[in-house]
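1. Following is a predicted model, sequence given first.
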Amino acid sequence: MHLNFSKSIFSFSFLAAVILTSCQSGNGKNQSNVILADIPVLDLQPKSIEVPKTYVADLQAVQFVEVRAKVEGFVDKIYVDEGQTVKKGQPLFQLTSNEFNEMVNSANAKLMQARAEAKSTALEVERLKILVDKKIISPSELELARAKNSVSQSAILETEALLKNAQTGLSYTTIRAPFDGIVDRIPYKTGSLVTAGDLLTNITDISEVFAYYKVTENEYLKYMRDRLESKKMSALEEDEVVSLILSDGQTYQYSGKLETMEADFEKGTGSIAFRVRFPNPDKLIKHGASGKIQMDNTLENIFLIPQKSTFEIQDYSYVYILDKDNKVRVRSFVPLQRYGVYYISDSFEPGDKIIFEGIQQLKDGMEIIPMRVSEKEAYDTLVNAF
């Protein structure tokens with residue numbers, strides 16, 4: 001007999017049951033003796049399926065740097081705009097530099113003076129050396145001149161250090177991009193006074209992005225054991241790719257590669273974070289965006305239970321099981337998760353028969369005349385119902 005789930009057939013079956021019930025009630029028989037005919041029954045067989053599993057992910061730029069002022073000064077010029085793409089070394093801001101220019105000039109002057117004094121003392125040493133050789137003066141005067149020359153050489157080193165520090169301070173008044181990236185918000189405008197440490201902007205490199213997601217300790221152990229069993233001893237699978245679901249629910253067009261994981265479990269939650277790298281050539285993903293990592297998870301020896309074959313009582317899920325005497329028995333089960341129009345469960349045995357449709361008519365212990373339903377017929381019926 002071919003499967004036909006039209007309303008007319010179920011109406012006919014239900015009407016036949018009502019007539020049979022009325023006849024039996026008129027003969028004084030109990031209602032539990034009612035036999036319903038052509039009740040669809042589905043045989044359960046274990047399966048292995050790939051179920052996508054999602055994890056909440058934190059998306060970060062491959063490079064993210066806070067650009068801060070190193071010296072105090074007024075913002076003299078702003079060379080870039082918010083959202084602008086910049087190159088490494090490109091000027092971003094110019095702070096007032098008059099004070100540092102004066103420091104550089106002063107250090108240069110002191111250095112020139114120190115070098116002149118050093119040259120003078122060096123000449124004095126040479127002059128006295130000739131006189132000592134001719135025994136005109138005592139050697140002690142030559143030693144004194146040499147000591148003065150050493151002091152003047154030290155003065156050169158000191159003033160060179162002062163000049164270098166002044167030049168470094170002057171260079172800090174021009175703030176440059178540390179790498180190729182995008183300029184973030186600019187809180188200070190031209191004329192604003194900034195002090196050392198004030199945040200001028202952020203630079204982000206989003207040519208690639210990192211997605212961090214956390215897994216439980218049990219998931220981590222399963223992952224690592226699976227790798228050990230398959231003799232893949234490297235830290236992580238180089239060709240292992242994962243998908244990214246963006247906040248609008250659409251799948252990101254580029255796949256990512258699982259790269260590494262944190263060293264320790266997070267206290268309190270007992271989770272550990274994995275890192276996935278995604279290409280971002282279109283700059284679609286921004287730093288700080290949200291999404292979900294999607295990975296395929298293989299479930300073996302599980303059973304697919306049609307949702308329409310189940311009912312719930314006080315947060316417990318039930319189905320009707322058909323026994324060898326064609327009587328239905330209420331059976332509780334634990335759904336592991338939803339899978340389309342099915343529940344996934346491991347609470348059954350191969351060959352168990354469940355009532356596929358018409359459970360509203362049934363009671364525990366009721367006898368029926370079953371009508372076998374194939375898996376394909378059941379699936380087609382479930383899909384067509386939507």
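-> Nice, I can see it.
2. For the strand ranked longest in the chain, buried residues please.
-> Among the elements of the chain assigned as strand by DSSP state E, the one spanning the most residues is strand 47-68. Neighbour counts using 16 or more other C-beta atoms under 10 Å place 55, 57, 59-65, 67 of strand 47-68 among the buried residues. Backbone N, C-alpha and C define where each C-beta goes, glycine included.
3. can you give me the helices for the stretch 251-386 of the chain?
-> Secondary structure of the stretch 251-386 of the chain by DSSP state H, counting those that start in this stretch: the helices cover 375-384.
4. so where's it shaky on pLDDT?
-> Counting by pLDDT under 70, the stretch 251-386 of the chain contains low-confidence ranges at 385-386.
5. where exactly do the strands run in it?
-> 256-261, 271-279, 290-306, 311-313, 316-322, 328-333, 337-339, 342-345, 353-355, 367-373 (DSSP state E, counting those that start in this stretch).
6. Next, the angle from the longest one to strand 47-68.
-> Going back to what we said before, that points to strand 290-306. For strand 290-306 against strand 47-68, the angle between stretch directions is 170 degrees (axes from the mean of the first three to the mean of the last three C-alpha atoms, to 10 degrees).
7. ok, and for the helix or strand where residue 224 lies, which residues are buried?
-> Assessed by DSSP states H and E, residue 224 sits inside helix 217-229. By neighbour count, with 16+ other C-beta under 10 Å as the criterion, the buried positions of helix 217-229 are 219-220, 223, 227.
8. can you list those in a markdown table and add pLDDT?
-> Converted to a markdown table, the buried residues of helix 217-229 look like this (pLDDT from 0 to 100):
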| residue | pLDDT |
| --- | --- |
| 219 | 82 |
| 220 | 86 |
| 223 | 81 |
| 227 | 76 |
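9. who's in contact with the residue nearest to residue 245 when sequence neighbours are not counted?
-> When the adjacent residues along the chain are set aside, residue 245 lies closest to residue 292, with 4.2 Å between them (C-beta to C-beta, 6 or more residues apart in numbering). Residue 292 makes contact with 54-57, 244-245, according to C-beta atoms under 8 Å, 6 or more residues apart in numbering.
10. picking up where we left off before, can you add distance to residue 108 and give the strands of the stretch 251-386 of the chain back as CSV?
-> Putting the strands of the stretch 251-386 of the chain into CSV (distance: least, C-beta to C-beta, whole Å) gives the following:
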stretch, distance to residue 108
strand 256-261, 50
strand 271-279, 49
strand 290-306, 54
strand 311-313, 86
strand 316-322, 85
strand 328-333, 87
strand 337-339, 74
strand 342-345, 79
strand 353-355, 93
strand 367-373, 95
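11. number of nearby residues for residue 205?
-> Other residues near residue 205 number 19, with proximity taken as other C-beta atoms under 10 Å.
12. How about the contacts made by it?
-> Taking C-beta under 8 Å, 6+ apart, one finds 61-64, 179-182 in contact with residue 205.
13. what would those residues look like in a markdown table with pLDDT?
-> Shown next, in a markdown table, are these (pLDDT from 0 to 100):
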| residue | pLDDT |
| --- | --- |
| 61 | 94 |
| 62 | 93 |
| 63 | 93 |
| 64 | 94 |
| 179 | 93 |
| 180 | 94 |
| 181 | 93 |
| 182 | 94 |
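14. Which two of those residues have the greatest separation?
-> Distances among those were taken as C-beta to C-beta; the most separated pair is 64 and 180, at 13.1 Å.
15. Next, the buried residues of the helix or strand hosting residue 151.
-> Using DSSP H and E, residue 151 maps to helix 139-171. For helix 139-171, burial by neighbour count (16+ other C-beta under 10 Å) applies to 142, 145-146, 148-149, 152-153, 155-156, 159, 162-163, 166, 169-170.
16. Tell me how far the lengthiest helix in the chain lies from the chain's centre.
-> Taking DSSP state H as the assignment, the helix of the chain that covers the most residues is helix 98-133. The offset between the C-alpha centroid of helix 98-133 and the centroid of the whole chain comes to 61 Å, using C-alpha atoms, centre = their mean, to the nearest Å.
17. circling back to that earlier point, would you turn the contacts of residue 205 into JSON lines with distance to residue 39?
-> Putting these into JSON lines (distance: C-beta to C-beta, whole Å) gives the following:
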{"residue": "61", "distance to residue 39": "60"}
{"residue": "62", "distance to residue 39": "60"}
{"residue": "63", "distance to residue 39": "64"}
{"residue": "64", "distance to residue 39": "62"}
{"residue": "179", "distance to residue 39": "70"}
{"residue": "180", "distance to residue 39": "69"}
{"residue": "181", "distance to residue 39": "67"}
{"residue": "182", "distance to residue 39": "64"}
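18. In contact with the closest residue to residue 216 other than its chain neighbours, which residues?
-> Ranked by C-beta to C-beta, 6+ apart and with sequence neighbours excluded, the top spatial neighbour of residue 216 is residue 271, at 5.8 Å. With contacts taken as C-beta under 8 Å, 6+ apart, residue 271 has the following neighbours: 214-217, 265.
19. I appreciate the help and will end here.
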